[in-house]
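1. below are the sequence and a predicted model for it; my questions follow.
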Amino acid sequence: MASNVEFVVTAWRNRQELLQLRHDLYSSETDRRQRAVNKVFAWRLRKPDGLPLLLDSTADIVDVLLQDEKVELKHNALRLLYATAISRSLVANSRLVCYLPLFDYSYFLPALLYTPVRLQDLALTVPRFVTGVADTQIDLTRDKPVWFPPGKTLQLPVTLLETRHRIVHRHLPSLAELKHAAKESLDWLWEWYWSQLDYAFGISKTRDSDGEGDPQELVRERLNTILKTYVKERRNEIKTRKKDLKASGNALSTYNLRFAPSSTSTPSKQIQNLLVQLLIDNNMVLPADKKLRSSMSGAFLVWSPLLLAFCTSSPLILPIPALLTSMRGTMNATARSWGTVHVESDPVREGMSDWLTHILTSDEWSMARGKQEKTLLEDALIQCFSEPTFWNLKLAAALLEKENIPNREQWTAILHAAKNEGEAQDEDTAEEMEVDIENINEGLAVAEAKEQKPMPTKEKIRGPQKVLGMWKPKPIGWLPEGWEDDE
C-alpha cells in the first residue's frame, strides 16, 4: 500500500536547533547574531535551494546590520548594501514558496522577501514586483493552516512598499531610511515567520496561546508595532480618501494572529492592560500637539475605526466599559502625576473628556454601544456625581446636552446641585484665604515697623588720613638716592 506521507529534508537537526537559531538571530549580543548568520550561510552551502526563504532572508538582513555595526564600510557602500537587501528581497517569481518546518506554508510568502546579500549582486537589475505578488496571492489564499484566522490575508506595511518603490523606480533613499526599513523588515519577519514556529511545533499547547508567556516588554513592543503600523496606514487612507477601511481590519487580523490564534480564545488580562496602557495612559489616542480647547476631530477620525474594531471583535479584545474606565482614570488622575499643569487647564484631561463624550453619545459608536447604551450612560453619570471633580462635572454636562438621555431632568437637577455645592465650597475657601492674607499683612506691618527703628551708625572715614610711624612723609614722585632716570 502506497504511503501518502511526504518527508522534508531540513538543514537543522531538530526543532531545538531551529528555535535556538531564532533566539540567536534576534539576540542583543553581537557574537550570538554573528554565529547564527554563519550557521545559516553554512546551511546555504550544503543545500543551496533547500532553506526556507524567510529564514535565509532574516540572516541576510542581520548580516547587513552586523557589517554596519563594524563601521568598516563607507556611507555610499552601506546605502547600496541596505538597498540591495531590501530591493532584491522583492524578487518574486511564480515559484516563491516559504514553508515552516515539515509544512508547506506557501501563504507566508509576502510582498517583501530577502535573498542573499552579495556585493557582486549590486550590479544586477532589480525585477519588477507587482507581477510576482499577483502570482503568489493564489497560494496565499489557498494554502492556510487551520489556526490561520478566516479571511486573513498577508499584508505588508505601507512604508516598506514605498521604500521598495523608491529603490526600484526612483532615487535611492537615505541611509537612515534604509536602516529603519531593515529594522521594520526584521520585525515583520518575526511576526509572520519566526513567531509561528511555536504553532508549527505545537509549543502553543504548553504555553499560553495568547502570548501571556512572553516577556512583558516583548508583548508591549509587538503591540506598539501593530498600533504604529495602523496609524501609518490609516493616515494614508485619509490622504487618499479611501472609503474602505482596510487599516483597522489589518491591525485586528495581526492582533488576532499574534495574541489570539484560536478563534474562541479571549485576550489575557495582561495583554489587555498593556494595550490600554499604550492607547490611553501614553496618550496615543490624543493629538501630539493637543492644546486646551483645540478640536479632537482629527483624533476621532484616525483612532475610532481601530477602537471600534477592538470593542466589537469576536472574541472581544477591549470591552467598552474597560476602555471608558481607563479614560476616566486618566482624566481624574492625581495632580502629582501631571507635573505643574493646572487641573482645569490640562489639555490631556480635556482630550479624555472629549473621548468619553464621543464614545457615549456619537452616532459613530451607536452600534458598538448597542443594548448596553443606557447602562453605560447611567454608570458614567453615577461615576461623575460620586466624585464631582471639575472634569467629571464637565463630562456630565456634556452628556446631559443630549436630549435622548434617560431621566435627563433628574440628572440635570443633580448636576445643578453639585455645581452650587462646588461654588459654595469655593466661596468658603476664598474667605479663608482672605483671613490668611489679612494675618499676613499684619505680620508684614510689624516686620516693617521693626525695620524702621534707628540703628547706630559708624562715622565713615573720608579723604587722606595721617598715619603714625617712624618714617618721614615724602612727596609724591620722590625717588630714593642712587636711582637715576633711564637714558
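-> Yep, it's here.

2. might you list the low-confidence residue ranges for this structure?
-> 1-6, 84-156, 202-215, 260-268, 335-341, 422-471, 473, 480-487 (pLDDT under 70).

3. distance across stretch 308-328, terminal residue to terminal residue?
-> With CA to CA, to the nearest Å as the measure, the ends of stretch 308-328 fall 18 Å from one another.

4. list the buried ones in it?
-> By neighbour count on 16 or more other CB atoms under 10 Å, the buried set for stretch 308-328 is 308-312, 317-318, 320, 322-324, 326-328. Bear in mind the C-beta positions are built from the backbone N, C-alpha and C, glycine included.

5. from those residues, which land in helices?
-> Counted as lying in helices by DSSP state H, out of the buried residues of stretch 308-328, are 308-312, 320, 322-324, 326-328.

6. picking up where we left off before, could I get the buried residues of stretch 308-328 as a markdown table with distance to residue 234?
-> As requested, those are arranged in a markdown table below (distance: CB to CB, whole Å):
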| residue | distance to residue 234 |
| --- | --- |
| 308 | 12 |
| 309 | 11 |
| 310 | 14 |
| 311 | 17 |
| 312 | 17 |
| 317 | 17 |
| 318 | 17 |
| 320 | 21 |
| 322 | 22 |
| 323 | 18 |
| 324 | 22 |
| 326 | 21 |
| 327 | 20 |
| 328 | 25 |
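
7. so which two of those residues are the farthest from each other?
-> Maximum pairwise distance in the buried residues of stretch 308-328, criterion CB to CB, is 21.8 Å, between 309 and 328.

8. number of nearby residues for residue 54?
-> 24 (other CB atoms under 10 Å).

9. just the one 4 residues further on next, same as before
-> The number of residues packed around residue 58, counting by other CB under 10 Å, is 25.

10. now do residue 176
-> Other residues within reach of residue 176, judged by other CB under 10 Å, total 8.

11. list the contacts of it.
-> For residue 176, no contacting residues are found, by CB atoms under 8 Å, 6 or more residues apart in numbering.

12. list just the nearest of the ones in helices among the buried residues of stretch 308-328 to residue 248.
-> Nearest to residue 248, judged by CB to CB, of these is residue 309 at 4.5 Å.

13. my guess is that closest one contacts residue 246, does it?
-> No: using CB atoms under 8 Å, residue 309 is not in contact with residue 246; the gap is 11.3 Å.

14. need the overlap of contacts for these two.
-> Common neighbours of residue 309 and residue 246 (CB under 8 Å, 6+ apart) do not exist.

15. CA atoms only: put stretch 358-371 into PDB for me.
-> The C-alpha trace of stretch 358-371 is given here as PDB (Å, rounded to 0.1, in the frame of the first residue of the first chain):
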ATOM      1  CA  HIS A 358     -17.700  60.900  21.800                       C
ATOM      2  CA  ILE A 359     -17.900  57.200  22.700                       C
ATOM      3  CA  LEU A 360     -21.100  57.600  24.800                       C
ATOM      4  CA  THR A 361     -23.100  59.900  22.600                       C
ATOM      5  CA  SER A 362     -21.900  59.900  19.000                       C
ATOM      6  CA  ASP A 363     -23.700  58.100  16.200                       C
ATOM      7  CA  GLU A 364     -20.400  56.500  15.100                       C
ATOM      8  CA  TRP A 365     -20.400  54.400  18.300                       C
ATOM      9  CA  SER A 366     -24.100  53.700  18.500                       C
ATOM     10  CA  MET A 367     -23.800  50.200  17.100                       C
ATOM     11  CA  ALA A 368     -20.900  49.400  19.400                       C
ATOM     12  CA  ARG A 369     -22.900  50.600  22.400                       C
ATOM     13  CA  GLY A 370     -25.900  48.500  21.300                       C
ATOM     14  CA  LYS A 371     -28.300  47.400  24.100                       C
END
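
16. just the helices in the stretch 151-300 of the chain please.
-> Assignment of helices within the stretch 151-300 of the chain using DSSP state H, counting those that start in this stretch yields the ranges 158-169, 175-192, 197-200, 216-240, 246-259, 269-276, 297-312.

17. could you identify which of these is most buried?
-> Ranked by average neighbour count under the criterion mean count of other CB atoms under 10 Å, these are headed by helix 246-259 at a mean of 21.

18. just checking, what packs against that helix?
-> For helix 246-259, the elements it packs on are helix 175-192, helix 216-240, helix 297-312, judged by 3 or more CB pairs under 8 Å, 6 or more residues apart in numbering; DSSP states H and E.

19. how about those helices in JSON lines, adding distance to residue 46?
-> JSON lines is the format used below for those (distance: least, CB to CB, whole Å):
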{"stretch": "helix 175-192", "distance to residue 46": "22"}
{"stretch": "helix 216-240", "distance to residue 46": "32"}
{"stretch": "helix 297-312", "distance to residue 46": "46"}
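
20. so which of these is nearest residue 257?
-> helix 175-192 (7.9 Å).

21. got the ones in helices among the buried residues of stretch 308-328 as TSV, with distance to residue 272 columns?
-> Listed next are those as TSV, based on distance: CB to CB, whole Å:
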residue	distance to residue 272
308	16
309	15
310	10
311	12
312	15
320	13
322	7
323	10
324	14
326	10
327	15
328	17
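
22. specify the local secondary structure of the closest residue to residue 193 other than its chain neighbours.
-> For residue 193, ignoring the flanking residues on the chain, the nearest one in space by CB to CB, 6 or more residues apart in numbering is residue 54 at 4.2 Å. At residue 54 the chain is in helix, as set by DSSP: H, G, I helix; E, B strand; the rest coil.

23. hmm, back to that, out of the helices of the stretch 151-300 of the chain, nearest to residue 33?
-> The nearest among those, by CB to CB, is helix 175-192 at 11.0 Å.

24. now that closest one against helix 246-259, angle please.
-> With axes from the mean of the first three to the mean of the last three CA atoms, to 10 degrees as the basis, helix 175-192 and helix 246-259 are set at 60 degrees to each other.

25. okay, helix 175-192 in CSV with CA atoms only?
-> C-alpha atoms of helix 175-192 as CSV (Å, rounded to 0.1, in the frame of the first residue of the first chain):
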residue,chain,number,x,y,z
LEU,A,175,20.9,55.6,4.8
ALA,A,176,18.7,56.4,7.8
GLU,A,177,15.5,55.5,5.9
LEU,A,178,17.1,52.2,4.7
LYS,A,179,18.2,51.3,8.3
HIS,A,180,14.7,52.0,9.5
ALA,A,181,13.3,49.8,6.7
ALA,A,182,15.7,47.0,7.6
LYS,A,183,14.6,47.1,11.2
GLU,A,184,11.0,47.2,10.3
SER,A,185,11.5,44.2,7.9
LEU,A,186,13.0,42.2,10.8
ASP,A,187,10.0,43.0,13.0
TRP,A,188,7.7,41.9,10.2
LEU,A,189,9.7,38.7,9.6
TRP,A,190,9.4,37.9,13.3
GLU,A,191,5.6,38.4,13.3
TRP,A,192,4.9,36.4,10.2
